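Asker: Sharing a sequence plus its predicted fold:
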Amino acid sequence: MFLTVLVPLIVVVPYRSHAEIYNVGPEQALATPLEVPWESLNAGDTVRIHWRVEPYRVKWVLCRQGSKEQPILIEGISGPGGEQPVIDGENARTPRQLDYWGEQRSLIKIGGANRPVDTLPRHIWIKNLELRNSRPPFRFTGRRGETLYEKQSAGIFVEKGEHIRISHCTIRDNGNGIMSSWHSRFLHVEHCHIHSNGVERSGLEHNVYIDGIGAKFEFNRFGPLRADCLGVNFKSRASQTILRYNWIEGGKRCVNIVDTHHQPVLDDPGYRDTFVYGNVIIRDDRAPNNQVVHYGGDLHDLKWYRKGTLHFYHNTVITNRRRSTTLFLISSDGETVDCRNNIIYRPPESGNFALLAEGGKIRLRHNWISREARTTFGGDPQVLENSENIRGTDPGFRDFAGADFRLVPQSPCRDIAGALASQTLPSHAMRFHYRLHQQKADPVPETERSKRRLDLGAFALSPDVK
């Protein structure tokens, strides 16, 4: 007599057995991005857009969700000479299967759609594309027929989304280059070339204009805006703003870290501390405004202002403006700039230079500053500390004319950096430096960094130059 024990068979069926790969372009399964099922992408799916001679004149919305382990990846595949695939807004078409509001405000939009069903996009990665011509006077064909782009239209607009990553892209000739609303969470932009955006005779469109919670920009090259455009190079209303290891050149101002009026962003603890470090910041002669960095607010209601600290350290700042230049505009006495370990250089042919506009608070520690620089042109800013700064005429760049701002061995800026503010450590210690262009140098091991004091400026970790 046999006893038979019946063991139930349990089969675990995964939500998806595999991710899809959609190849787009010449001799590929799909001819253009019009044929991509944007409305049904899922975690792990990849859209590979292959280079072709002619640009792709297509625009779309991404309103789907990836995961941390399996993001949705939109990747450009370069041509034989390294050419990036071009997504061009001029005469672009929206795929018929997509229906979303605000088509006139972006080339690629993330979040906010009727079809596919609206959701909060997550873990989307856009890589190695050139995005251009999302601005007037260009037009596109969408759900309402032929339509003119609005002035504020962006190459990429994050209307809402979490953990959106943009890397190795060229973003140019749009109204705004990259734009995000206050519904954005944890935007990460790296190794991009963002330049030549803006609208003529307007100061409301910028290379970057962001709001939201969590924004990290690193290893990017920010170039001047389009001719006769009056916008800012990098403008952030976001909390937890980190701007590090970038090359920033041009704009009405190079950097604007100002206020939001959206309560969730105001309530975020990271709204009060902003970290700007390891950047090369160049004030060019075309700038219509004399300030390099603005911190605090510009919405004219003090209750929204930052009322915190801009941690500004290990930057190399250069003004090539023949007229007068001011390094910092601090909006009110509620804001403080903690300025440490920077090189602040005014070449002999440049105009008068001052560190501060009329108000605000600043701490100056261990900076190299051009001897001719004044504290202020007027007003009554509060200098809370002015210690161990060096005044000089030559910081010892390797090749100033060739834009090589690494330091020669005999530079007075070598091995003299002071301690950083406690709020910056350990998360925001100097670990890399920018390498021309859009690259990062290999990190220096902690054991090596601890052997000596760091150099001043953006190339604090650069090896000796022979």
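Answerer: Arrived safely.

Asker: List the buried residues of stretch 54-68.
Answerer: Residues Pro55, Tyr56, Arg57, Val58, Lys59, Trp60, Val61, Leu62, Cys63, Arg64, Gln65, Gly66 are the ones in stretch 54-68 that count as buried (16 or more other CB atoms under 10 Å). In this view, the C-beta of every residue, glycine as well, is placed from N, C-alpha and C.

Asker: of all those residues, which comes closest to Glu205?
Answerer: Lys59 (18.0 Å; CB to CB).

Asker: and the residue nearest to that closest one when sequence neighbours are not counted, what are its phi and psi?
Answerer: Leaving aside its chain neighbours, Lys59 sits nearest to Ala92 (4.5 Å; criterion: CB to CB, 6 or more residues apart in numbering). Backbone torsions for Ala92, taken as degrees, to the nearest 10, come to phi -70, psi 160.

Asker: what's the neighbour count on Ala92?
Answerer: Residues contacting Ala92 under the criterion other CB atoms under 10 Å number 25.

Asker: what does Leu34 give?
Answerer: 19.

Asker: Is it located within a helix, as I assumed?
Answerer: Yes - residue state for Leu34 (DSSP: H, G, I helix; E, B strand; the rest coil) corresponds to a helix.

Asker: And the helices in the stretch 101-250 of the chain?
Answerer: Counting by DSSP state H, counting those that start in this stretch, the stretch 101-250 of the chain has no helices at all.

Asker: so where's it uncertain?
Answerer: For the stretch 101-250 of the chain, not a single residue meets the criterion pLDDT under 70.

Asker: domain ranges for the protein?
Answerer: With domains defined by automatic domain parsing, the chain comprises 17-180, 226-466.

Asker: Adding distance to Gly214, write those out as CSV.
Answerer: Below are those laid out as CSV (distance: least, CB to CB, whole Å):
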stretch, distance to Gly214
domain 17-180, 9
domain 226-466, 5
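
Asker: and these, which one's lowest on average pLDDT?
Answerer: Mean pLDDT is lowest for domain 226-466 among the domains of the chain, at a mean of 93.

Asker: pretty sure Asp173 contacts Leu225?
Answerer: No - in this structure, Asp173 is not within contact of Leu225 by CB atoms under 8 Å, at 10.3 Å.

Asker: joint contacts of the two?
Answerer: By CB atoms under 8 Å, 6 or more residues apart in numbering, Asp173 and Leu225 have these common neighbours: Ser196, Asn197.

Asker: Show me which of these two is the more surrounded one.
Answerer: Neighbour count, other CB under 10 Å: between Asp173 and Leu225, Leu225 has more, with 27 against 21.

Asker: Quick check: the more buried one vs Met179, distance?
Answerer: Distance from Leu225 to Met179, counting by CB to CB, to the nearest Å: 14 Å.

Asker: again with Phe140
Answerer: Counting by CB to CB, the gap from Phe140 to Met179 is 17 Å.

Asker: re the thing from before, let me have the buried residues of stretch 54-68 in a markdown table, adding secondary structure and distance to Lys216 as columns.
Answerer: A markdown table is the format used below for the buried residues of stretch 54-68 (DSSP: H, G, I helix; E, B strand; the rest coil; distance: CB to CB, whole Å):
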| residue | secondary structure | distance to Lys216 |
| --- | --- | --- |
| Pro55 | coil | 29 |
| Tyr56 | strand | 29 |
| Arg57 | coil | 32 |
| Val58 | strand | 29 |
| Lys59 | coil | 26 |
| Trp60 | strand | 25 |
| Val61 | strand | 24 |
| Leu62 | strand | 20 |
| Cys63 | coil | 23 |
| Arg64 | coil | 23 |
| Gln65 | strand | 21 |
| Gly66 | coil | 18 |
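
Asker: Can you tell me which of those residues is nearest Asn197?
Answerer: Lys59 (16.3 Å).

Asker: Thought Asn91 was touching the closest one, still the case?
Answerer: No - Lys59 lies out of contact with Asn91 (CB under 8 Å); the separation is 10.5 Å.

Asker: what's Leu243 in contact with, if anything?
Answerer: Phe217, Glu218, Phe234, Ser236, Val255, Thr274, Phe275, Val276, Tyr277, Asn279.

Asker: again, only using 7 Å
Answerer: Phe217, Phe234, Val255, Val276, Asn279 (CB atoms under 7 Å, 6 or more residues apart in numbering).

Asker: who's in contact with Thr375?
Answerer: Ala354, Leu355, Leu356, Val383.

Asker: In which helix or strand does it reside?
Answerer: Using DSSP states H and E, the element containing Thr375 is strand 374-376.

Asker: Only the buried residues of the helix or strand following that strand, if you could.
Answerer: Next helix or strand after strand 374-376 toward the C-terminus (DSSP H and E): strand 382-387. For strand 382-387, the neighbour count (16+ other CB under 10 Å) marks no residue as buried.

Asker: chain center to strand 382-387, what's the gap?
Answerer: 30 Å (CA atoms, centre = their mean, to the nearest Å).

Asker: neighbouring contacts of it?
Answerer: Contacts of strand 382-387 (CB under 7 Å, 6+ apart): Asp333, Lys361, Ile362, Arg363, Leu364, Arg365, Thr375.

Asker: partners of the one helix or strand the fifth one maps to in the sheet?
Answerer: This means Leu364. Counting by DSSP H and E, the element that carries Leu364 is strand 361-365. Sheet partners assigned to strand 361-365 using DSSP bridges are listed as strand 336-340 (parallel), strand 382-387 (parallel).

Asker: Past the shortest one, which element shows up next along the chain?
Answerer: Stepping forward along the backbone from strand 336-340, the first helix or strand reached (DSSP H and E) is strand 343-345.
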